[in-house]
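Participant: next one to model:
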Amino acid sequence: MSEKAIGWNLLSQRYSTIQLIDSFILNMICSLTDKIAKDVIIKLLVTFMTEKRQSPSSFDMIRWPETMWPANPTFLATLPQELLPNWESLCSLVYPWDLLTLLRTTLVERITETRIAEKVEFQNRDQTHIEGPVWIENSTRIGAQTVIIGPTYIGPQVYIGNQTLLRESFVSMGSRLGYGSDIARSVMCPKCRTHRSSIIDSLIGERTSLGGSRTGNQRLDKGEVRSIVLGKRINTELIKLGVIVGSCSFLGINSVTMPGVKIGKNCKIGPGVIVYEDLPNNSRILSKQETFLRLMGWPESKEV
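Facilitator: Residues are numbered from 1 along each chain as shown. All right, here's what the predicted structure looks like:
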């Protein structure tokens, strides 16, 4: 029996019992010494996931260590097969910024020419500047006076507002980059929302909204950014690193995040808040303007 047939039989047997696939498939792929058999199994697995793309939970089989919080692998199912990172690389990730680095490397290596789908709608093509290799998928709308610098991937059903600057980034399906946003070297997971935000060197989780937010990405001393992981301060070995945000979070207008900060899923950050430290899942943080008013001796309320 050929290596391809053997690989398919192994996968078929385990896909019939989805609960057993996690440890079996990952251990098998990562421990195989026969390069040909390993490549066959990886290709079959990626093909299977691509066919099942309507169910992002296909990537739930990736069991990242606790140190990968708050990154979530399910959004990978929305990427085209050509941009899926090497499976062994995904298995070996340790920290969330490793995923950001891996995806940016994938952009550089695999997007080498411009590819714009037929059903992309430009508000004014003459006022849209595209520089370098860029992939734009169908059903995407791009506003006037927009600048896109490659390598950049823009998924299907994305909206890019007027005067937006997009540089060397992943923008996944269904995302909306509102007027005047600046996105650079970042990964925007599906159905993100921004408006007049500056998102640099960051990974933003699914269905997360940023309203006029700013992400700090570099220390004042220009040293390597550090991040707290499981109570320990880890050197990321990156000179520039923004924020890592989990899914379904909201950052209010003029909120600011310091370099290397991580924010969990379902978090709410109020307007004007500066986030210096990591926030666990389901956190709520608001600035208390009334404290300032009282210190100044101003009345708490005033009738009009």
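
Participant: helices of this protein, residue ranges please.
Facilitator: For the chain, the helices defined by DSSP state H occupy 3-15, 21-31, 35-51, 87-91, 96-110, 289-295.

Participant: what mean pLDDT does the third one have?
Facilitator: It stands for helix 35-51. Here helix 35-51 scores 55 as its mean pLDDT.

Participant: end to end, how far does stretch 132-149 reach?
Facilitator: 6 Å (Cα to Cα, to the nearest Å).

Participant: got the buried residues for it?
Facilitator: 133-137, 140, 142-143, 146, 148-149 (16 or more other Cβ atoms under 10 Å). To be clear about C-beta, it is placed using only N, CA and C from the backbone, and glycine gets the same treatment.

Participant: now do stretch 70-85
Facilitator: Using 16+ other Cβ under 10 Å as the test for burial, stretch 70-85 gives 70-79, 83-85.

Participant: would you turn the residues you listed into a markdown table with pLDDT?
Facilitator: Shown next, in a markdown table, are the buried residues of stretch 70-85 (pLDDT from 0 to 100):
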| residue | pLDDT |
| --- | --- |
| Pro70 | 94 |
| Ala71 | 92 |
| Asn72 | 86 |
| Pro73 | 84 |
| Thr74 | 82 |
| Phe75 | 85 |
| Leu76 | 87 |
| Ala77 | 84 |
| Thr78 | 86 |
| Leu79 | 87 |
| Leu83 | 91 |
| Leu84 | 88 |
| Pro85 | 87 |
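
Participant: Ser209 reaches Ser197, doesn't it?
Facilitator: No. Contact criterion Cβ atoms under 8 Å: Ser209 and Ser197 do not qualify, at 9.4 Å.

Participant: which of those two has more neighbours?
Facilitator: Applying other Cβ atoms under 10 Å to Ser209 and Ser197 shows that Ser197 carries more neighbours, namely 25 against 19.

Participant: show the average pLDDT along stretch 129-142.
Facilitator: Stretch 129-142 shows a mean pLDDT of 96.

Participant: next, the distance between the ends of that stretch.
Facilitator: 11 Å.

Participant: domain-wise, how is this protein divided?
Facilitator: 3-109, 115-286 (automatic domain parsing).

Participant: which one of those has the poorest average confidence?
Facilitator: When the domains of the chain are ranked by mean pLDDT, domain 3-109 comes last with a mean of 67.

Participant: returning to what we had before: closest to Ser249 among the buried residues of stretch 70-85?
Facilitator: Using Cβ to Cβ, Pro70 is the member of the buried residues of stretch 70-85 that lies nearest Ser249, at 8.8 Å.

Participant: quick check: closest non-adjacent residue to that closest one.
Facilitator: In this structure, Pro70 finds its nearest non-sequential neighbour in Gly246, 3.4 Å apart by Cβ to Cβ, 6 or more residues apart in numbering.
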